[in-house]
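>>> Sharing a model prediction with you, sequence too.
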Amino acid sequence: MEISAPKGKFMVHMLHSAYFFPQTVDVKWSATAQGKPNLPVWLHLFHSKHRAISYLIGTPVTPFQQITIHVIAKRLDNYKSAEQLITIISNEDVRYNSSTQQIAELKIKNVEAEEFTNMRNDHIKRLEKAIHETFRGKGVNPYIFNIIPEIQNPPEEFYRVANQIKIGSIVQIGTQQHFHANVHRILEGLRKNPQYCHKTILFPWTNTFAHSSPSTGANLILKI
């Protein structure tokens, strides 16, 4: 199987057990780059709250234009396994030919991480727009590095909790350089004055999901 994923744009590819077995069954998912022990840094295996489904997500930021992913689905009822090779093909884009050097984390309440995997809504489009408006600077070229549930539990605990309560999400924003000095100054301002959270001119994402989430600058963390 081949899928197209433009560099610099967040991609989602759904894995469903019905494409691995004759019928839909609960499975344990695993994925690595072909011949490697792990996935490439930019690609992530996202576990759905439904065990029959998982997703490959991430933004291609790499000098390579093609990579093959080895996916294994192991049934939970009889432990039989099925495998697929998925080749991800990216276009050449010199803006995204390196690797992630710095990550900022944005917490979004009341919007579950899995909602971002539904490409039929405009969550990703709106989020990418807000990120580009917020993390400005020459050569920064920000992108969605990863999206994870706000609560990070072991897999079995996650499945139990995720089907009982609504879990928020953490959006990880990456850059191949370093974020502009203004971002560091904003973070320092947040530590000294919580009212910074309400300055939408500093945090364009504040209103991005205002209908369902008080996502504000107060939820911004910078990682190096």
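Noted; the coordinates are in hand.
>>> Can you tell me how far the residue in the chain sticking out farthest from the centre is from Val27?
Centroid-distance maximum for the chain: Asn78 at 31.4 Å, with CA atoms, centre = their mean. Going from Asn78 to Val27 by CB to CB, to the nearest Å gives 11 Å. All C-beta atoms are positioned from the backbone trio N, CA, C, and that covers glycine.
>>> just to revisit the earlier point, the residue farthest from the centre of the chain - that's part of a helix, no?
No. With DSSP: H, G, I helix; E, B strand; the rest coil as the criterion, Asn78 is coil rather than part of a helix.
>>> Pull the number of nearby residues for the nearest residue to Ala5 once chain neighbours are set aside.
Excluding the flanking residues, the one nearest Ala5 by CB to CB, 6 or more residues apart in numbering is Met11, at 4.0 Å. Residues lying near Met11 (other CB atoms under 10 Å) number 22.
>>> Specify the beta-bridge partners of Met11.
For Met11, the beta-bridge partners under DSSP bridges are Gly58.
>>> That one contacts Tyr55, correct?
No. Under the criterion of CB atoms under 8 Å, Met11 is not in contact with Tyr55, lying 9.7 Å apart.
>>> Helices along the protein, start to end?
Using DSSP state H, the helices assigned to the chain run over residues 123-134, 155-162, 181-192.
>>> mean confidence score for the shortest one?
On average, the pLDDT along helix 155-162 is 63.
>>> what does the last one give?
Per-residue pLDDT over helix 181-192 has a mean of 69.
>>> Same check on the first one?
Averaging pLDDT along helix 123-134 gives 86.
>>> for it, which positions count as buried?
His123, Ile124, Leu127, Glu128, Ala130, Ile131, Thr134 (16 or more other CB atoms under 10 Å).
>>> and which of those residues is nearest to Thr62?
Nearest to Thr62 among the buried residues of helix 123-134, counting by CB to CB, is Glu128 at 18.3 Å.
>>> For Asp122, see how far away the closest one is.
From Glu128 to Asp122 the distance is 10 Å (CB to CB).
>>> so where do the strands sit in this protein?
Counting by DSSP state E, the chain has strands at residues 2-4, 11-16, 27-33, 43-47, 53-58, 66-75, 81-89, 102-108, 143-149, 169-175, 220-223.
>>> Switch those strands over to a markdown table; also include distance to Thr117.
Formatted as a markdown table, these follow (distance: least, CB to CB, whole Å):
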| stretch | distance to Thr117 |
| --- | --- |
| strand 2-4 | 14 |
| strand 11-16 | 5 |
| strand 27-33 | 14 |
| strand 43-47 | 7 |
| strand 53-58 | 5 |
| strand 66-75 | 16 |
| strand 81-89 | 16 |
| strand 102-108 | 14 |
| strand 143-149 | 8 |
| strand 169-175 | 11 |
| strand 220-223 | 23 |
